[in-house]
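Visitor: Generate coordinates for the sequence data below:
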Amino acid sequence: MRTGQTHLFIPGPTNVPEDVRQAMNVPMQDMRAPDFGELTLDLFTGLKKVLRTEAGRVMMFPGSGTGAWEAAITNTLNAGDKVLMSRYGQFSTLWVEMAQRLGLDVEVIDVPWGAGCPVKEYARRLGRDREGRIKAVFVTHNETATGVTSDVAAVRRALDECFHDALLFVDGVSSIGSIDFRMDDWGVDLAVTGSQKGLMLPAGLGILGVSEKAMEASKTSTMRRAYFEFADMVKMNEGGYFPYTPPTQLFHGMRRSLDRIFAEGLDNVVARHHRLAEGVRRGVHAMGLELVAEHPSLYSDTVSAIRVPQEIDARDVIAAAYTKYNTSLGSGLARLAGKVFRIGHLGDLNEGMILTALGVTELSLAEAGMKVEFGRGVGAAQAWFAGQAGAELRVAAE
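Guide: Numbers count the residues shown, from 1 in each chain. Down below sits the predicted model:
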């Protein structure tokens, strides 16, 4: 029999704060009632603030981030269009597969899992595309499988320096609301995320930021679509309604979730994620382990993918954490299965929770057969957090 709290340290779904969970505990209501827009219209405004866009439009599709991927593609491109994509983890790989299934002509750049978006190679290929055959460029901002964050702003610069008019698609599923993301400043045309990550909600909403340029493209796109039709969504959203049954309870939870984000301050949310992520990284390195990310400049502030020694099976670490210590760690995906486990550190999280994650990780590594000096990882994170707290006190005193 399990006692106490079950700990969730996967990169999504993330922990749902208690006040958000309670906000969703409401009776069913009429989604066509004349006052329904009083609930929903403010959510669009709040999500625009999270995306940092003024000119763009926000859409919410019942579904997941993957559904928002499909909506982005099918509303703005045409079958046979050439697009530029790269694979450097499981989720960037899945996006390539979707584009191919939808009939796009995908020019793929493969780089090692642990590297980031190959910006220089993007720039080279865009520069030689004199006839503008590349209609869109895709970037996975935060590759959840490898714990790597790529430089979206650098991709925008590459497009601008080549005077290229391709649309910029960004998968921000595990970054938006947790890692700095600036839709307008970076010239992002389609920004994809989901409710179950930085927004601290259950899964069930695919969220899409759409630029004015992308909306114009949607008027001439001929790809087949029905459920994901932008025009239907725009027409109904104007009054706060939806062309099909929406997940009303999630809207109530989102209202509270956005209140939490804005009360903390979006910049402070981003800074907190960096502080907590750095505690995880210092703890992992103190244990003698390495991250999948090839360089510190690529380290993700929402998930760390951690390599185990060759003689250890990461699946045993994950199983020990779950069965003995009531803790879920993220698994290694695809080619990283058995070689990697992941610690998700995004959403509703604090220092004490990070120390719990690291403490359970040490115990689980020992259960899996690794020689562990208990307390090294936890101690390294404690030292980091204590130093950060001291710095904040000194700044406040000044």
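Visitor: Next, find the distance separating G332 from F262.
Guide: 35 Å (CB to CB, to the nearest Å). In this view, the C-beta of every residue, glycine as well, is placed from N, C-alpha and C.
Visitor: what pLDDT does the nearest residue to G187 once chain neighbours are set aside get?
Guide: Spatially, and ignoring its direct neighbours in sequence, G187 is nearest to R156 (4.6 Å; CB to CB, 6 or more residues apart in numbering). Here the pLDDT value assigned to R156 is 98.
Visitor: Comparing G332 and F262, which residue is more hemmed in?
Guide: For G332 and F262, the more surrounded residue by other CB atoms under 10 Å is G332, and the numbers stand at 25 against 13.
Visitor: for that one, what are its contacts?
Guide: Counting by CB atoms under 8 Å, 6 or more residues apart in numbering, G332 makes contact with A145, A305, A314, R315, G338, K339, V340, F341, R342.
Visitor: Of these, which pair is most distant in space?
Guide: A145 and R315 (15.3 Å; CB to CB).
Visitor: higher neighbour count, the two?
Guide: Taking other CB under 10 Å, A145 and R315 do not tie; A145 has more neighbours (29 against 17).
Visitor: Tell me the spacing between that one and S304.
Guide: According to CB to CB, A145 stands 12 Å off from S304.
Visitor: hang on, isn't V188 packed against L167?
Guide: No - using CB atoms under 8 Å, V188 is not in contact with L167, being 9.3 Å away.
Visitor: Can you pick out the residue with more neighbours from these two?
Guide: The neighbour count for V188 versus L167, taken as other CB under 10 Å, is higher for V188 (30 against 23).
Visitor: if I look at the more buried one, how far off is R156?
Guide: For V188, the distance to R156 - CB to CB - is 8 Å.
Visitor: Quick check: neighbours shared by those two?
Guide: In contact with both V188 and R156: L168, using CB under 8 Å, 6+ apart.
Visitor: ok, the closest residue to Y241 other than its chain neighbours to T248 distance?
Guide: Excluding its sequence neighbours, the residue lying closest to Y241 (CB to CB, 6+ apart) is F36, at 6.4 Å. In this view, F36 and T248 are 8 Å apart by CB to CB.
Visitor: shared neighbours of those two, anything?
Guide: Taking CB under 8 Å, 6+ apart as the criterion, F36 and T248 both touch Q29.
Visitor: Name the residues that touch the helix or strand containing W69?
Guide: Using DSSP states H and E, W69 maps to helix 65-76. Contact with helix 65-76 is made by 59, 61, 94-95, 98-99, 102, 104, 136, 167, 169, 171, 173, 189-190, 192-194, 206-208, 210, 214, 217-218, 221, 223-225, 228-230, as judged by CB under 8 Å, 6+ apart.
Visitor: I am finished for the moment; much appreciated.
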